[in-house]
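In: Only the shape, not the letters, is given here:
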């Protein structure tokens, strides 16, 4: 790609659009803006963006719906913006195909980092998938089922590895409790978050340098977990 | 048929008994007649009459009187075995006897009736008293309906009673039926309305046998419904008064909220506005430390504003009862760590120590809400405890609760303020000295109480401690821990 990545902003607040447009343009992104859900979807069709930044509260259709409709034909990374306390909406959006979320108000560094992660992720899913992932001191070899911290090989139970592998397959992305429970344990509609808490606790004990201040297995309050690689 | 059996048979038996008593007396007197004078016989005949009146009632008494006259005339006044009377003296005796028997029966009957009435009045009064004294202590509509149904069922020996109370002021209408289950079908229903000054509040429905209720019982029933209606009216009035008081309080709250908020919101806004406008004016050069300083102010103050708005939202949610907890199994230690990480910048001036035992059980909590509690308690510590001091977070399980302790080394809270610091807008210090809306602790209280726990503050040597408890079980259940995890 020789052109700068195109970012589509869908938000009904003109101040936010103006500020983000200025900031993103000065960070050498190309920016398209839409003030409503319908307009956003139309723009996404007309001029496929590299990343979509989507506000959940829109004047015409719900942001979650926008997410769902775009997912019908596109794998473009979607970062959801929402105000504090919208945990339920955030989870719903993530379950409907959004890749990440940010709570308003947010720091611009945070947003830029998330955009970079999304772009990298999109590239990876286009090309060959990495089977070896580095996160902090950890090296996770998904193909050979080996996890090492520094040079030391870590012993994980089957479930622990399955959980870690699922998180590592989506590095730097928020995975909702439900998504993890479904993929790792096969629970469909259940709410056994306690399983997750226990296993994440064990993984942290084995893998984190200081389990009390995790650097790799990050909690997303009220939403899920994220495996952090770099930023 | 049943009515006939219940009502008529005893009456017949009583009259028959009166007649029998005369027959018996006649037989005995016939044997003794040769030895007795006629006046004595007449006197003796009065005995069964009195006896019948006292034992069987007024009409059997009168009947006995007439039978006695007939028997006396027929068997003891000559010519015998006829109803003729020859001697004037005998005629007088017979008439006097008749008069005495009737008058006596009547007097005794009246006395008896008087006694019966007095007893039934006493019974009515006792029942009334019982009902009134029970109703007096009740504070809600449903227990009044329950008490009224109970008492009616018991007092009138009914098969089924229903109390229906209509909906007023947007309450639900309610029906109490006793005993539970549908009433028998072969019975009549009497409905007595519960009337208050404002109209019909509801009604009392009774299932009973036809003609089971005497006129006194009907009167008592009316008194019952009257009392029930009065109690209902009392409740409605006190509810109205409560509402008025709550409205007044919320009015007061709103004005103190506005005062507090306008001050608290304006100061960060002022700082932001000042910083930004000076940056835009070009008075500050691009690469100076002054510029960095101004930008830091803008960012800090926006964070502060965000926190403030969040607190206000939480408060209004707690106040309006709209706080919906997303309870899930969470580790309290993990939440505390998360908060500590988020607040690192905020905590630069203080030392933070976190000490949660590893084997602490998961508790069903709303992650974001408990995060808010920690945030508020820690920032409270940061605000009041001198710089460089220690803030400690720790937890332990005791009985059915998990106790969390957030201690700061700030100045002790005066004993009489320990409870009141959780009130809205309550601040010990002058509001100019330390920033804050006075909402933080009351939000903590609201959140913890919504979780079914308690929060309290205490002074300990060298520190102020905020404790909160959270129930370990969720709807009576403990977390389902995967077996493999426990073994591993």
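Out: Yep, it's here. These numbers were taken from a predicted model, which means no experiment stands behind them.

In: where do the strands sit along the chain?
Out: No chain specified, so I'll use chain A. Assigned by DSSP state E, the strands in chain A fall at A:6-10, A:30-34, A:51-55, A:78-83, A:100-104, A:132-135, A:138-141, A:146-149, A:152-154, A:174-176, A:217-220, A:224-227.

In: try chain B instead
Out: Under DSSP E, chain B gives strands at B:160-165, B:174-178, B:188-196, B:199-208, B:328-330, B:351-355, B:363-365, B:390-398, B:401-408, B:455-460, B:463-471.

In: For chain A, which of those is the nearest?
Out: With CB to the nearest CB, the closest approach to chain A among those belongs to strand B:328-330: 3.7 Å. The C-beta positions use only the backbone N, C-alpha and C, and glycine is treated the same way.

In: any chance of the strands of chain A in JSON lines, plus mean neighbour count, distance to residue B:35 and mean pLDDT?
Out: Shown next, in JSON lines, are those (neighbours: other CB atoms under 10 Å in any protein chain shown; distance: least, CB to CB, whole Å; pLDDT from 0 to 100):
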{"stretch": "strand A:6-10", "mean neighbour count": "23", "distance to residue B:35": "128", "mean pLDDT": "94"}
{"stretch": "strand A:30-34", "mean neighbour count": "19", "distance to residue B:35": "131", "mean pLDDT": "94"}
{"stretch": "strand A:51-55", "mean neighbour count": "26", "distance to residue B:35": "123", "mean pLDDT": "93"}
{"stretch": "strand A:78-83", "mean neighbour count": "23", "distance to residue B:35": "117", "mean pLDDT": "87"}
{"stretch": "strand A:100-104", "mean neighbour count": "19", "distance to residue B:35": "120", "mean pLDDT": "87"}
{"stretch": "strand A:132-135", "mean neighbour count": "16", "distance to residue B:35": "131", "mean pLDDT": "82"}
{"stretch": "strand A:138-141", "mean neighbour count": "20", "distance to residue B:35": "131", "mean pLDDT": "87"}
{"stretch": "strand A:146-149", "mean neighbour count": "17", "distance to residue B:35": "129", "mean pLDDT": "88"}
{"stretch": "strand A:152-154", "mean neighbour count": "13", "distance to residue B:35": "128", "mean pLDDT": "87"}
{"stretch": "strand A:174-176", "mean neighbour count": "20", "distance to residue B:35": "116", "mean pLDDT": "90"}
{"stretch": "strand A:217-220", "mean neighbour count": "20", "distance to residue B:35": "117", "mean pLDDT": "89"}
{"stretch": "strand A:224-227", "mean neighbour count": "22", "distance to residue B:35": "117", "mean pLDDT": "90"}
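
In: Please render these as CSV that adds distance to residue A:166 to the earlier fields.
Out: As requested, the strands of chain A are exported to CSV (distance: least, CB to CB, whole Å):
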stretch, distance to residue A:166
strand A:6-10, 28
strand A:30-34, 33
strand A:51-55, 23
strand A:78-83, 20
strand A:100-104, 17
strand A:132-135, 12
strand A:138-141, 11
strand A:146-149, 13
strand A:152-154, 17
strand A:174-176, 7
strand A:217-220, 12
strand A:224-227, 9
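
In: Dump these into a markdown table; add distance to chain B as well.
Out: Output for the strands of chain A, formatted as a markdown table (distance: least, CB to the nearest CB, whole Å):
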| stretch | distance to chain B |
| --- | --- |
| strand A:6-10 | 20 |
| strand A:30-34 | 23 |
| strand A:51-55 | 17 |
| strand A:78-83 | 9 |
| strand A:100-104 | 9 |
| strand A:132-135 | 17 |
| strand A:138-141 | 19 |
| strand A:146-149 | 15 |
| strand A:152-154 | 13 |
| strand A:174-176 | 12 |
| strand A:217-220 | 6 |
| strand A:224-227 | 11 |
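
In: thinking again about what came up before, mind checking which of the strands of chain B is nearest residue B:414?
Out: Smallest distance to residue B:414 across the strands of chain B (CB to CB): 8.9 Å, for strand B:455-460.

In: what mean pLDDT does the closest one have?
Out: For strand B:455-460, the mean per-residue pLDDT is 92.

In: Next up, the contacts around the closest residue to chain B within chain A.
Out: Chain A approaches chain B most closely through residue A:194 (3.7 Å), counting by CB to the nearest CB. Residues near residue A:194 by CB atoms under 8 Å, 6 or more residues apart in numbering or on different chains: B:329, B:362, B:479, B:480, B:481.

In: can you do 6 Å?
Out: Taking CB atoms under 6 Å, 6 or more residues apart in numbering or on different chains, we find residue A:194 in contact with B:329, B:362, B:479, B:480.

In: and the nearest residue to the third one once chain neighbours are set aside, what pLDDT?
Out: On the basis of CB to CB, 6 or more residues apart in numbering or on different chains, the spatially nearest residue to residue B:479 that is not a chain neighbour turns out to be residue A:194, at 3.8 Å. At residue A:194 the predicted local confidence, pLDDT, stands at 83.
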